[in-house]
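*Asks:* With the sequence up front, the predicted model follows.
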Amino acid sequence: MLKTIKVSDFTETPGGRYYSDGPASGQEYRETVLIPAIKEYSKIRVDLSGVFIYPPSFLEEAFAGLIREYGQDMRDAVEIFASDQEYDTYVRDAMRYMQEAVAKLSK
Amino acid sequence: MKTKNQIIEIQKRIILKRWRRKLRRRHKRHKHQPSDKYTQSKKVIDLRMPKNLCLESNYRKTMDSIYGIRKAYENYGNDKRMILHLEDIKTMGVTESLLIAAEIYRWKYSKSIDLKPTKVKYWSNEVKALFKGFRLFELLDIGADEIRLRNSSGRKYFQYKTAKTGDCKILKEFYQYLVEEVGNFSKEICQGIFEAILNVINHSCPESECCDLIQKRWWLAAVYEPENCILKMMVYDHGVGMTTTLPKNVHFAPILSKYLDNKGKWIEKAITEGKSRTLLDHRGKGLPCIHDYIKNSTEGLYLKIISGDGLLHYDKNTDTFNPSNNKSKFRGTLVEWAIRISTPVGEKC
């Protein structure tokens, strides 16, 4: 089953990489939103629209962190998109981070 | 005829009376001590300031006086007050006022004893404008009405923000406030600022070298010059500095060893190679982000980084880096950049 989730439902101001960096971190988003959603629905679509900005650390840890922590299969379990074109660059960034993480794992 | 016991009792009372009187006198003496404790030279650190507080034209004296506050903080306990002679300053830059603010902040929130400025009415107009604009007088417990400006330069100062964690809400509010006041500009720069803030939290103060928690604190400030539509922003921290942390990266150290005589080149390499002290190469994106923004956007003008022993200036017009050594060690990291607002609030430039 495919489930669509919005990052803006989690926070309007995504934060840093780890819990220790401050509120709404990439690690927190991965562990409290992405992983439970993947466990429940097996495949998810993540809409990046509607937040202030995405710090690269947040995107990297939330999405590439999935690959690092749970393996390459996660690449197919997550589809990233933006309903607002303004956020297209962030979609590209997030996908690139995931690809880089896959490439590193395969080395 | 009084008995022996009665006589002893009377003597006791007399002694007790004398003792109480003595106590009262001692108490009175304490009560009437001069209230102005600054007159007791042993309990006061007098810190004189240079006439020209400017990193570019008077680096050594500026740093000596700013770090005078830090040295006093580190070397003395809570038994000494400090008097800052800000009335000595005739000219002062925006960046320098942020450095002073951070030192005063460190003092105010770590020491239980006051740090006092003197002769507020004799401060130069420039110093008054900076203190009023950035609301630095609040740090010194001076009332806003004590600072009377003769005339205003028209510059807009934005009260500095400071925190110990990476809370993007603070940055969002700061950005929205700037846009309202000066005009629209790309929020892309905020990515870089936030990453720079994360760098402060994660790298500016390694566990092994961390002396106090204030080293992980960051300060952010901005000033707008309406006459040429330039918005300057600064991020500052009290960490150990990039020239201390960068060589600890085993992958990065061989690159740096080629430039031992120019520490500014180390900072340049950190930007162009996009790496930092951390061994994980997916971290340390702050400065490359800000640099990319300045370089690629139409708004960008320059980027300047002072950290530890190195100084780096990037000029957008010529697309060149100008790295050099600092005349003396800069304890912390200061990142300053400027952008031109293309659609300013009010009259166009």
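*Replies:* Right, received. Where do you want to start?
*Asks:* Check the burial of residue 84 by counting its neighbours.
*Replies:* Going with chain A. When neighbours are defined as other C-beta atoms under 10 Å in any protein chain shown, A:D84 has 10 of them. Where you see a C-beta, it was placed from the backbone N, CA and C, and this is true even at glycine.
*Asks:* I was thinking of chain B, sorry if that wasn't clear
*Replies:* Neighbours of B:L84 (other C-beta under 10 Å): 24.
*Asks:* In terms of helices and strands, where is it?
*Replies:* strand B:81-85 (DSSP states H and E).
*Asks:* what does B:D309 give?
*Replies:* Applying DSSP H and E, one finds B:D309 within strand B:300-315.
*Asks:* can you tell me which residues contact B:E181?
*Replies:* By C-beta atoms under 8 Å, 6 or more residues apart in numbering or on different chains, the residues touching B:E181 are B:K156, B:F158, B:Y224, B:V345.
*Asks:* from these, which is closest to B:I66?
*Replies:* Of all the contacts of B:E181, B:I66 sits closest to B:F158, with 21.3 Å by C-beta to C-beta.
*Asks:* Looking at the helix or strand hosting B:K132 now, give me its mean pLDDT.
*Replies:* Secondary structure from DSSP H and E places B:K132 in helix B:125-133. For helix B:125-133, the mean pLDDT works out to 86.
*Asks:* Go through that helix and flag the buried ones.
*Replies:* B:E126, B:V127, B:K128, B:A129, B:L130, B:F131, B:K132, B:G133 (16 or more other C-beta atoms under 10 Å in any protein chain shown).
*Asks:* so after it, what's the next helix or strand?
*Replies:* Using DSSP H and E, the first helix or strand after helix B:125-133 is strand B:156-163.
*Asks:* chain center to the helix or strand following that following strand, what's the gap?
*Replies:* Following strand B:156-163 in sequence order, the next helix or strand is helix B:168-182 (DSSP H and E). With C-alpha atoms, centre = their mean, to the nearest Å as the basis, helix B:168-182 stands 21 Å off its chain's centre.
*Asks:* Stretch B:254-263 now?
*Replies:* On C-alpha atoms, centre = their mean, the centre of stretch B:254-263 falls 29 Å from that of its chain.
*Asks:* who's in contact with it?
*Replies:* Contacts for stretch B:254-263 (C-beta under 8 Å, 6+ apart): B:243, B:246-247, B:265-266, B:269, B:273, B:308-311, B:323-326.
*Asks:* what packs against the longest helix along chain A?
*Replies:* If you go by DSSP state H, chain A has its longest helix at helix A:88-106. Counting contacts by 3 or more C-beta pairs under 8 Å, 6 or more residues apart in numbering or on different chains; DSSP states H and E, helix A:88-106 packs against helix A:56-59, helix A:65-70, strand A:78-81.
*Asks:* Would you mark the buried spots in it?
*Replies:* A:Y90, A:V91, A:D93, A:A94, A:M95, A:Y97, A:M98, A:A101, A:V102.
*Asks:* Close to chain B: what parts of chain A are there?
*Replies:* In this structure, chain A approaches chain B at residues A:12-17, A:20-24, A:52-57, A:60, A:64, A:97, A:100, judged by C-beta under 8 Å from any C-beta of the partner chain.
*Asks:* run the last query once more with 6 Å
*Replies:* Contacts of chain A with chain B, taken as C-beta under 6 Å from any C-beta of the partner chain, map to A:T13, A:G15, A:G16, A:D21, A:G22, A:P23, A:F52, A:I53, A:P55, A:P56, A:S57, A:E60.
*Asks:* what separates the spatially closest residue to the third one that is not a sequence neighbour from A:L34, distance-wise?
*Replies:* Read that as A:G16. Nearest residue to A:G16 in three dimensions, chain neighbours excluded: B:G166, at 4.0 Å (C-beta to C-beta, 6 or more residues apart in numbering or on different chains). From B:G166 across to A:L34, the span is 20 Å (C-beta to C-beta, to the nearest Å).
*Asks:* higher neighbour count, these two?
*Replies:* More neighbours surround B:G166 than the other of B:G166 and A:L34, with 29 against 24 (other C-beta under 10 Å).
*Asks:* List the contacts of the more buried one.
*Replies:* By C-beta atoms under 6 Å, 6 or more residues apart in numbering or on different chains, B:G166 lies in contact with A:G15, A:G16, A:D21, A:G22, B:I197, B:L198, B:I201.
*Asks:* What separation do you get for it and B:G346?
*Replies:* For B:G166, the distance to B:G346 - C-beta to C-beta - is 33 Å.
*Asks:* before we move on, back to that, for the buried residues of helix B:125-133, give me CSV that also has distance to chain A.
*Replies:* Output for those, formatted as CSV (distance: C-beta to the nearest C-beta, whole Å):
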residue, distance to chain A
B:E126, 34
B:V127, 34
B:K128, 35
B:A129, 31
B:L130, 29
B:F131, 29
B:K132, 30
B:G133, 26
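*Asks:* Show the contacting residues for the residue nearest the centre of chain A.
*Replies:* Nearest residue to the geometric centre of chain A (C-alpha atoms, centre = their mean): A:F63, 3.7 Å. Listed by C-beta under 6 Å, 6+ apart, the contact partners of A:F63 are A:A94, A:Y97, A:M98.
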